[in-house]
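**Student:** Here you go, sequence then predicted model.
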Number of protein chains: 2
Amino acid sequence: MNQFVHQRHKTESRLKRSRELVVACAPMRSNVNVSSIARTASACAVERLILIGNASLISKIARDSVSELEVSIHRTLKPVLQKLRDDGYRLVGLEQTTNSTSIHNYGFTRRTALVVGNERTGLKADILDILDDVVEIPVYGLPHSFNAAIAASMTLYEYCRQFPNG
Amino acid sequence: MNQFVHQRHKTESRLKRSRELVVACAPMRSNVNVSSIARTASACAVERLILIGNASLISKIARDSVSELEVSIHRTLKPVLQKLRDDGYRLVGLEQTTNSTSIHNYGFTRRTALVVGNERTGLKADILDILDDVVEIPVYGLPHSFNAAIAASMTLYEYCRQFPNG
């Protein structure tokens, strides 16, 4: 009798309520990263993904998120974030900044818009100015940064850990 | 005065002791995933990465891990894992299996070898047989799985969260 037997694509964990988590990406360099974020967000049952400019999903990477996730593409980020704030979302940047909080010590608000910065340039000052909080993921070695899709996924993981039932 | 100002590649968090965490990958389909895991592992100050067969790192993706991380390439996985067990490492698979534990409820042992499965076929029975534990990351929506490098990164994040000082 083997204790562990591989099960591919096990049934998902059921949420007790819908996730009130939105992911908004600044204009990104790489549609590979955008598509990776989309796949992870969809597997986390994120309600909505906001993209800017000419971002598009590569279906081979984004998988079912292409059909499952509500994706909205906008011309600029700031007005969408202001609308989200009006709708009661806390605006939380994911970035290395002054006064950013280690995600290890951060308690998420259920209704959150996670704002992911560009791979190189991060989040621009006009966006940073309107955020409620900025979280960063501690790094311990070189390179002193995570890939943007990896960092976003770690943050989605942490949110789901804090709200396992939605 | 802006509260949040972008800081690229901030100084790392200092560990009080070396990480006793090793990452071992089954033979993987994609060197992109292997390289992504290498970058994340190196940023987490993982001590060693074990790869099998003809895996190799793509430096554009793996970044500084190419020079920073101790990478060892072996012909087969099982003997390396047995050696690690002899050296006191707990063998922890990352996979969806029968009797796998949700990582939300899992307390890592400091001295751990994290064993990552192939993207399609997971971990083979002869490997699953010798593992101490198998952890899985809950999924809540389609697709009912995370990309292998994403899942590995979430697990590295969780380990670092539990051992923020090494």
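**Tutor:** Yep, it's here.

**Student:** In chain A, what residue spans correspond to helices?
**Tutor:** Applying DSSP state H to chain A gives helices spanning A:31-43, A:59-62, A:65-68, A:77-86, A:125-128, A:148-162.

**Student:** Go ahead and name everything in contact with the one helix or strand in chain A whose mean pLDDT sits lowest.
**Tutor:** Taking mean pLDDT, DSSP states H and E as the measure, chain A has helix A:65-68 as its least confident helix or strand, at a mean of 91. Around helix A:65-68, the neighbours that count as contacts under C-beta atoms under 8 Å, 6 or more residues apart in numbering or on different chains are A:35, A:38-39, A:41-43, A:49, A:57, A:59, A:71, B:141-143. Using the backbone N, CA and C atoms, a C-beta is placed for each residue, glycine as well.

**Student:** Can you show me the CA trace of it as CSV?
**Tutor:** The C-alpha coordinates for helix A:65-68 follow below in CSV (Å, rounded to 0.1, in the frame of the first residue of the first chain):
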residue,chain,number,x,y,z
SER,A,65,-8.0,31.7,-17.1
VAL,A,66,-8.6,32.9,-20.7
SER,A,67,-12.3,31.8,-20.4
GLU,A,68,-12.7,31.7,-16.6
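
**Student:** Centre of the chain to that helix, how far?
**Tutor:** 15 Å (C-alpha atoms, centre = their mean, to the nearest Å).

**Student:** Identify each buried residue in that helix, please.
**Tutor:** Within helix A:65-68, the residues scored as buried using 16 or more other C-beta atoms under 10 Å in any protein chain shown are A:65, A:66, A:68.

**Student:** before we move on, the earlier item: ranking the helices of chain A by mean pLDDT, which is last?
**Tutor:** With a mean of 91, helix A:65-68 has the lowest mean pLDDT of those.

**Student:** From residue A:81, how far off is the closest residue to residue A:6 other than its chain neighbours?
**Tutor:** Excluding the flanking residues, the one nearest residue A:6 by C-beta to C-beta, 6 or more residues apart in numbering or on different chains is residue B:122, at 4.3 Å. For residue B:122, the distance to residue A:81 equals 39 Å [C-beta to C-beta, to the nearest Å].

**Student:** With neighbour numbers in mind, choose between these two.
**Tutor:** residue B:122 (25 against 22; other C-beta atoms under 10 Å in any protein chain shown).

**Student:** Tell me what that one is bridged to.
**Tutor:** Under DSSP bridges, the beta-bridge partners of residue B:122 are residue B:118.

**Student:** shouldn't it be in contact with residue B:95?
**Tutor:** Yes - taking contacts as C-beta atoms under 8 Å, residue B:122 lies within contact range of residue B:95: 5.1 Å.

**Student:** anything in contact with each of those two?
**Tutor:** Joint contacts of residue B:122 and residue B:95 (C-beta under 8 Å, 6+ apart) are residue A:6.

**Student:** residue contacts, the residue nearest to residue A:6?
**Tutor:** Contact analysis of residue B:122 by C-beta under 8 Å, 6+ apart lists A:6, A:8, B:26, B:95, B:96, B:97.

**Student:** The fifth one: neighbour count?
**Tutor:** So that's residue B:96. Neighbour number of residue B:96 under other C-beta under 10 Å is 22.

**Student:** Also the last one?
**Tutor:** Around residue B:97 sit 23 other residues, with neighbours defined as other C-beta under 10 Å.
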